[in-house]
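Asks: With the input below, show me the fold.
(chains A, B, C and D)
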Protein chains: 4
Amino acid sequence: MLKGYTTPRTPKGTSSIAPMPPWHYVGTCLAIEYEADPGSVAAFLPEGLDFHSPRCAVYFVEWQFATDSGEEYLDPIRSQYRETIFLVSAAFEGKPYAFCPFIWVDQDTALMRGLAQGWPKQIGSTWITHAHDLPSVAGPVNGPGGKFGASLAVKDRRLAEGVVTLREETNSLPNPSFAGAINVRHFPELAAGLHDAPAVHELVQLKSRDVRISPIWKGDAELKVFDHPCLELPDLRPVKVFAGYRFSCTLTVDDVVVLRSLKRSA
Amino acid sequence: MLKGYTTPRTPKGTSSIAPMPPWHYVGTCLAIEYEADPGSVAAFLPEGLDFHSPRCAVYFVEWQFATDSGEEYLDPIRSQYRETIFLVSAAFEGKPYAFCPFIWVDQDTALMRGLAQGWPKQIGSTWITHAHDLPSVAGPVNGPGGKFGASLAVKDRRLAEGVVTLREETNSLPNPSFAGAINVRHFPELAAGLHDAPAVHELVQLKSRDVRISPIWKGDAELKVFDHPCLELPDLRPVKVFAGYRFSCTLTVDDVVVLRSLKRSA
Amino acid sequence: MLKGYTTPRTPKGTSSIAPMPPWHYVGTCLAIEYEADPGSVAAFLPEGLDFHSPRCAVYFVEWQFATDSGEEYLDPIRSQYRETIFLVSAAFEGKPYAFCPFIWVDQDTALMRGLAQGWPKQIGSTWITHAHDLPSVAGPVNGPGGKFGASLAVKDRRLAEGVVTLREETNSLPNPSFAGAINVRHFPELAAGLHDAPAVHELVQLKSRDVRISPIWKGDAELKVFDHPCLELPDLRPVKVFAGYRFSCTLTVDDVVVLRSLKRSA
Amino acid sequence: MLKGYTTPRTPKGTSSIAPMPPWHYVGTCLAIEYEADPGSVAAFLPEGLDFHSPRCAVYFVEWQFATDSGEEYLDPIRSQYRETIFLVSAAFEGKPYAFCPFIWVDQDTALMRGLAQGWPKQIGSTWITHAHDLPSVAGPVNGPGGKFGASLAVKDRRLAEGVVTLREETNSLPNPSFAGAINVRHFPELAAGLHDAPAVHELVQLKSRDVRISPIWKGDAELKVFDHPCLELPDLRPVKVFAGYRFSCTLTVDDVVVLRSLKRSA
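Replies: Residues are numbered from 1 along each chain as shown, chains lettered A, B, ... in the order given. Below is the predicted model of the structure:
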């Protein structure tokens, strides 16, 4: 009798690429709000979501993950990962939501947990400036004037980079925001004739719980998205850049709500 | 209208982690046949497969991949990957097959194509000795006396290593062999209450086509599998090591046959 | 006229692997004090240093680096690196100092700046638990009860790992401490007959300046050093483990003092 | 008594980042001859070398390395590395030589052996198409019509990429060629006031021995060099691209000849 939330499923069930939920996360986010071309944003929305606004955001995040009693963070290569999330605005049944067209992580366990949640994760390399409580020429403090950079590369090509200069505390998270995003859970068929008829294809909403947010710092931002021979991220490049943000957050994931099936009727 | 064989699905469909099949592969394999504890082998078999023998094999492979007209191998970071495959023997309806309990690759595109085929891929680091046609203290030729090493590490821990010394050509591939393996396609649910009821769970057989094999060299082999705090590979460690092999092969993947559903009836 | 503190030296001088000093650093250290076999510690000391005590320490550090006006931390892949430093106790002219037998970093610029200072740096993979100000199952806060892990791997082999549980603030840094360590600057000859007669071979003391330390947390610790086929770190493995520490520090490097030449007279 | 060709020097001498020479190498090269701006080529030459021609070459190489009896290639992560070498033409005392302004490798041991030889090595990521003896959509054979790609990235930025299409065998190596290149051995001082007065600074010629070359394939080539915020490689970008080449070679390194000191007289 094999056990495990994902493959590989094994006798003891301790080998799976992603363990059984709940999954607890804590991380620090550097975020930039921006506006992309409205037609491009609309073109990236899946069936079931309507265009809401050209407002986008990118989050560069250093996460740490653990299960209920796993203490995975004590063997941090099993727990830590860095992530770049792009979000666009969307409407579902007339209400505004975030939708994620692109997301990159640097660990397989994060990729697999993401696929289960409908995040379209790929492997990419994210780097983010660290803050320390000591003033230094070598880095910022988390406060007024603190400058933070971040970059994303995919398969040895720089794809995006940004800089945020903090100015003041705020009460508002960046918008769109990832905690209640609408995702598409999708898993393909490989049998001949079914390559266009995925086994799983459904619009879902994340039900993150126990979300807690640190004080939120806000300031000025710059963001560049670079050309790429096949990845379509440049179609969502900024036409205007708004504010930058820095904050920490913690949340738990063990549920999604299916909003509607995207499978074609036979 | 979004396109793409896997997520992310996008307007042009050129951003997916894995492109639309067929997928063409060419690679060079260093393989070691061995025997594990029979009870352990039996314990790793999924529902639907029966114990056949304690015979196992590990394949360390450097692959190159392309789509029909993509020429991905010209941007080799998009095409190449290294893989370690462990296979055990199994029987389905009385006939012998290979089943894969563990497999590691070093690229996300390979991981995703693998999940679609039912390979339980995780990210790992594989290294394999290269041959050259020039005699050198720095490496073997592909012929009598040629010594080849390989290693697998997962999240900064050495998990397996082997050495093969070639002796003579043979007409037989190592056994078990990966081309017609039986896999389990599996994709979890995340909705509360369904964590044990995967959305996809089915026994499938690979239908690799256009398989061509180079001359096959055979010889002596050593294989070590090291302890690990959670991965169960050490339960399949060698109790006897048989022959080692080296060969190249090419094959195309665009089909699987579903043998039976593993979903529980409600 | 080529420019650059190190190779490659180029027309504009902006391509060197390590830029012109001063080098400013800020980082967070997880440290463990321990005792090794006294004979082993003595055996690792270079000519010119005498045995002082079997007291050792390991530091797992996440650093960020910048030059005076370079703001390298805004492109953090050019600034950040993770490091594992092993220090042993030594005496020079009767006074106690730290000496570094082994150190691993994960960036070439850090390796090269290290060689210039006499740190015997190699490339290795270090992972360290992150703290956040938010209580979470996924990670510790920097205070009483906070548990932090760290690991070192070299060329796909786990070499060391430790865990520290913080208990209380202290006024004392771990001992031995790296800021005023004695190093050996060494650069080989390659001309035939001179492989044993290095071009540079001298005992130096670091002159780190502008050192500032955060509050220092102290607690319990565990430390394991694993076997390796050629690296001699296991000869310095712990026979007793003392306290663990966590603190941040900032410092500037642009000077060393030569204590004595280690070159043989002709 | 500590031993080791380079740091770290240890009681047994088996821990050094680079072992005692001789160093034996075998590898496969994809090379592209091209012409850069003559003034730029001249500007990259060190004191002691004169301008000869604007002819340059880039070599993308997969190497394997071993010592006399070390068999390092059996633990291939200790032996293999990938390298991108840029060479320009130069004259020394009226005769033509190759000089290397930039070179990137992906292993620390290769970097350190390089520094001892005067190669200005940095860490970079090189990828090169593999050939197989089996015809495949997924890759070329080493013969007429075989297409090979290669890329170089440094700290998550694509810096160069090329494609070679083989046409016919030739008797000539690409020019300039690396086996007898003139390098600059350089090691900095860090003591205050001496940052511009390196401890080692000398023009040397490599004395590679036992060089053997496989059949050499030649054909058409393309080469792109991309912009970079600080690395000056784009100043040597191609204005004309000549032929491409593919061949294997083996050689041994344990000697250099000092041509002249580049240290300033006091």
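Asks: Check chain A for its longest helix and report it.
Replies: Longest helix in chain A by number of residues (criterion: DSSP state H): helix A:108-117.
Asks: Please name the nearest non-neighbouring residue to residue A:33.
Replies: In this structure, residue A:33 finds its nearest non-sequential neighbour in residue A:242, 4.1 Å apart by CB to CB, 6 or more residues apart in numbering or on different chains. Every C-beta, even on glycine, is put in place using the N, C-alpha and C of the backbone.
Asks: That neighbour contacts residue A:31, correct?
Replies: No: between residue A:242 and residue A:31 there is no contact under CB atoms under 8 Å: 10.5 Å.
Asks: residue contacts, the closest residue to chain C within the stretch 151-266 of chain A?
Replies: The nearest approach of the stretch 151-266 of chain A to chain C comes at residue A:250, 4.1 Å away (CB to the nearest CB). Residue A:250 makes contact with A:24, A:25, A:26, A:27, A:210, A:211, A:212, C:132, C:134, C:135, C:136, C:138, according to CB atoms under 8 Å, 6 or more residues apart in numbering or on different chains.
Asks: Compare these and tell me which has the most neighbours.
Replies: Highest neighbour count within the contacts of residue A:250, by other CB atoms under 10 Å in any protein chain shown: residue A:26, with 29 neighbours.
Asks: Between residue A:242 and residue A:31, which is the more surrounded one?
Replies: For the pair residue A:242 and residue A:31, the greater number of neighbours falls to residue A:31 (27 against 17), based on other CB under 10 Å.
Asks: related to what we said a few turns ago, with pLDDT added, can I get the contacts of residue A:250 in JSON lines?
Replies: Below are the contacts of residue A:250 laid out as JSON lines (pLDDT from 0 to 100):
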{"residue": "A:24", "pLDDT": "98"}
{"residue": "A:25", "pLDDT": "98"}
{"residue": "A:26", "pLDDT": "98"}
{"residue": "A:27", "pLDDT": "98"}
{"residue": "A:210", "pLDDT": "96"}
{"residue": "A:211", "pLDDT": "96"}
{"residue": "A:212", "pLDDT": "97"}
{"residue": "C:132", "pLDDT": "97"}
{"residue": "C:134", "pLDDT": "96"}
{"residue": "C:135", "pLDDT": "95"}
{"residue": "C:136", "pLDDT": "97"}
{"residue": "C:138", "pLDDT": "98"}
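Asks: among those residues, which are in helices?
Replies: Residues of the contacts of residue A:250 located in helices (DSSP H): none.
Asks: The residue of the stretch 151-266 of chain A closest to chain C sits in which helix or strand?
Replies: Applying DSSP states H and E as the criterion places residue A:250 in strand A:240-253.
Asks: my read: residue A:76 touches residue C:131, true?
Replies: No: taking contacts as CB under 8 Å, residue A:76 lies outside contact range of residue C:131: 11.6 Å.
Asks: Quick one: name the residues of the stretch 51-200 of chain A near chain C.
Replies: With CB under 8 Å from any CB of the partner chain as the criterion, the stretch 51-200 of chain A comes near chain C at residues A:62-66, A:68, A:71, A:73-77, A:79-80, A:125, A:127-130, A:132-140, A:147-151, A:161, A:163.
Asks: Setting aside sequence neighbours, what's the nearest residue to residue A:48?
Replies: Going by CB to CB, 6+ apart, residue A:48 has residue A:203 as its nearest residue, at 4.6 Å.
Asks: Show me what from the stretch 101-250 of chain A comes close to chain D.
Replies: So the stretch 101-250 of chain A meets chain D at A:125, A:127, A:151, A:153, A:156, A:157, A:158 (CB under 8 Å from any CB).
Asks: By neighbour count, which of those residues wins?
Replies: residue A:151 leads these on contacts (other CB under 10 Å) with 26 neighbours.
Asks: isn't there a strand covering it?
Replies: Yes: under DSSP: H, G, I helix; E, B strand; the rest coil, residue A:151 falls within a strand.
Asks: any idea how far it lies from residue A:137?
Replies: Noted for residue A:151: a distance of 21 Å to residue A:137, by CB to CB, to the nearest Å.
Asks: SS state for residue A:59?
Replies: strand.
Asks: That one bridge partners, please.
Replies: Under DSSP bridges, the beta-bridge partners of residue A:59 are residue A:31, residue A:85.
Asks: isn't it right next to residue A:28, touching?
Replies: No: here residue A:59 does not reach residue A:28: they are 10.4 Å apart, not a contact under CB under 8 Å.
Asks: which intervals of the stretch 151-266 of chain A have sub-threshold pLDDT?
Replies: Applying pLDDT under 70 to the stretch 151-266 of chain A flags the ranges A:265-266.
Asks: same thing but 90
Replies: The model of the stretch 151-266 of chain A has pLDDT under 90 over residues A:178-180, A:264-266.
Asks: Spell out which parts of it neighbour chain B.
Replies: A:155-156, A:184-192, A:195, A:199-200, A:204, A:207, A:229-233, A:235, A:253-258.
Asks: and residue A:102, what helix or strand is that in?
Replies: strand A:95-105.
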